[in-house]
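S.K.: Below are the sequence and a predicted model; questions follow.
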Amino acid sequence: MRLSGTKKAAFALLAQEVFALDRAIQWFALEKAGREPWCARRDAGTITIFVAATTLDNTELVDPLVPMLAEVRDGLYGQEESGNPHPVLFVVLAYADFVEIVARFGRYDYVAITVDRHADVYTLGRRLTELLDRRTQETVSQVHADETVPT
């Protein structure tokens with residue numbers, strides 16, 4: 001699958017914003033519901049963009065079920081999801097040689113980043129979710145601004 005020029009440019013811009021959050025970020029993936037993941041990797045100052053189910057170093061992307069299970073845990077115990085005063089901001093998965101942070105991007109999509117084991121994952125996770133929330137709000141605002149109001 002190839003990305004169109006416009007989609008690739010939009011993804012590249014988002015990847016640059018994500019990588020600008022911290023030099024510890026090694027790779028970034030955007031998982032859109034029903035589509036192949038889009039990935040970007042930082043290599044000594046350059047960013048490589050590709051579409052694949054795994055990263056260039058064969059690290060598998062997180063199964064979207066992991067953050068979904070974390071988000072709906074209240075429903076599993078009979079509580080209302082809307083009644084949760086502590087919504088999940090992001091999920092952290094720690095592996096032997098790296099840490100992965102997964103956050104929701106919009107209603108159905110997820111973003112995953114990997115960092116080395118020594119990164120401050122809480123601060124980075126908060127900064128990532130703030131960026132994604134801001135980008136989601138910008139998109140929603142742009143859609144509403146583009147709508148024509150019948151008169």
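M.R.: Looks like it came in fine.

S.K.: contacts and neighbour counts: CA atoms only from here.
M.R.: Noted.

S.K.: Name the residue closest to the centre of this structure, please.
M.R.: Nearest residue to the geometric centre of the chain (Cα atoms, centre = their mean): residue 111, 1.3 Å.

S.K.: Buried residues, the helix or strand encompassing residue 10. List them.
M.R.: Per DSSP states H and E, residue 10 falls inside helix 5-20. Within helix 5-20, the residues that count as buried by 16 or more other Cα atoms under 10 Å are 11, 12, 14, 15, 18, 19.

S.K.: ok, the residue nearest to the centre of the chain to residue 29 distance?
M.R.: 6 Å (Cα to Cα, to the nearest Å).

S.K.: coming back round to it: for the residue nearest to the centre of the chain, helix, strand, or coil?
M.R.: For residue 111, the assignment made with DSSP: H, G, I helix; E, B strand; the rest coil gives strand.

S.K.: export the buried residues of helix 5-20 to a markdown table and tack on distance to residue 88?
M.R.: Below are the buried residues of helix 5-20 laid out as a markdown table (distance: Cα to Cα, whole Å):
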| residue | distance to residue 88 |
| --- | --- |
| 11 | 25 |
| 12 | 27 |
| 14 | 22 |
| 15 | 23 |
| 18 | 20 |
| 19 | 22 |
